[in-house]
Structures are given as C-alpha cells and as structure tokens.
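A.B. asks: Make a model of this:
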Amino acid sequence: MVVLDIVGDKPLGAGSAKLLARLLTNLQAKTIVRSGPSASVQSQGQGRGQGGADPGAVRAQSLAQPFSKHAPHVATAYIRALIDPLSTMSQAIRQELEPGLFALCEIMGEYGRDAIMTAMLDDSGKAMMRLLWVQYDKQRYVGKG
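C.D. replies: Residues are numbered from 1 along each chain as shown. Reported below is the predicted structural model:
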C-alpha cells in the first residue's frame, strides 16, 4: 500500500511535493530509453537498412500505460492523507501537488476513478475524490476552441 507520510518524523514539505508532482507529470512524457552498445551504434547512424530508417528502431513511449494500474492506489493514498483526522496538509503542499494529481487523473481515466469510488474509499473519501475530479475536469483540455 502506498502511504504519503505527512505526520511522521520527516513529513512531506512543499519542495518534496513539487518534486513528486513533477515526477507524476513526467510519467506522461514520451521518452526513448537508450542503454548498452546498440544505443551507441544507432546514434552513430550505423546499422540502418536500405531505406535510411532503422527497422529495429525503438519508438518513444510514455510510462503512463504501465503506471495506469498503480495510479488509483496513489490517488487513494493522497485522498486518505487528506481525510486523516490526525494529519494536516498545508495549502502550499496541496497547490504544489495539484499538477501531479491532475496528471494522475489523466493516467487513470474514468475507469480508475470508478474503481476508486466503488471499492477503495469511504463516503468522505468519495466526496474528496469528486472534488478532485471536478477540479481536474475544469482544467482539462477537451479540444474545443
């Protein structure tokens, strides 16, 4: 289970919250993993086929799809940290985490949201999740001019 430690010996600070949000946001970025000797051969332009394109080239991919099965658990940990009566989360930390939480909502989609709402949260947690999702919907790009 994922736990956000906000009441322990070293609680999450605003700087750490910003870094966590950056990590969650960067999960959506497409990257190419380069490792081993084959990466250096590709970067030198060798090993290409007749057409000039590398038939075994690695496409850029994001980590959003592999992480999508874990995203509901991370969101649940955040919601539980918010509603825990023995903890407080400052407004600064919540503001720093907001871009990462919106990226998390994007990654898990409505299916993950519905899974959280039906199986993982109590009534107060469901209310907090609804608020988070409403904020996410307000800022989400939908392609309308």
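A.B. asks: C-alpha only now, for contacts and for neighbours.
C.D. replies: OK.
A.B. asks: send the alpha carbons of the helix or strand where Arg80 lies over as PDB?
C.D. replies: For Arg80, the host element (DSSP states H and E) is helix 71-83. Extracted C-alpha coordinates of helix 71-83, given in PDB (Å, rounded to 0.1, in the frame of the first residue of the first chain):
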ATOM      1  CA  ALA A  71      -2.400   5.300 -10.300                       C
ATOM      2  CA  PRO A  72      -5.600   4.600  -8.500                       C
ATOM      3  CA  HIS A  73      -3.700   3.400  -5.400                       C
ATOM      4  CA  VAL A  74      -1.500   6.600  -5.400                       C
ATOM      5  CA  ALA A  75      -4.700   8.700  -5.700                       C
ATOM      6  CA  THR A  76      -6.300   6.800  -2.900                       C
ATOM      7  CA  ALA A  77      -3.200   7.300  -0.700                       C
ATOM      8  CA  TYR A  78      -3.500  11.100  -1.300                       C
ATOM      9  CA  ILE A  79      -7.200  11.100  -0.600                       C
ATOM     10  CA  ARG A  80      -6.700   9.100   2.600                       C
ATOM     11  CA  ALA A  81      -3.900  11.500   3.700                       C
ATOM     12  CA  LEU A  82      -6.300  14.400   3.200                       C
ATOM     13  CA  ILE A  83      -9.100  13.000   5.200                       C
END
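A.B. asks: What's the first helix or strand after that helix?
C.D. replies: helix 91-115.
A.B. asks: who's in contact with that following helix?
C.D. replies: With contacts defined as C-alpha atoms under 8 Å, 6 or more residues apart in numbering, helix 91-115 is touched by 12-14, 17-18, 20-25, 28, 64-65, 67-69, 71-72, 75, 133, 136.
A.B. asks: Let's see which of these end up in strands.
C.D. replies: Assignment to strands by DSSP state E places none of the contacts of helix 91-115 there.
A.B. asks: who does the helix holding Arg80 touch, helix- and strand-wise?
C.D. replies: On a contact count with 3 or more C-alpha pairs under 8 Å, 6 or more residues apart in numbering; DSSP states H and E, helix 71-83 meets helix 91-115, helix 123-139.
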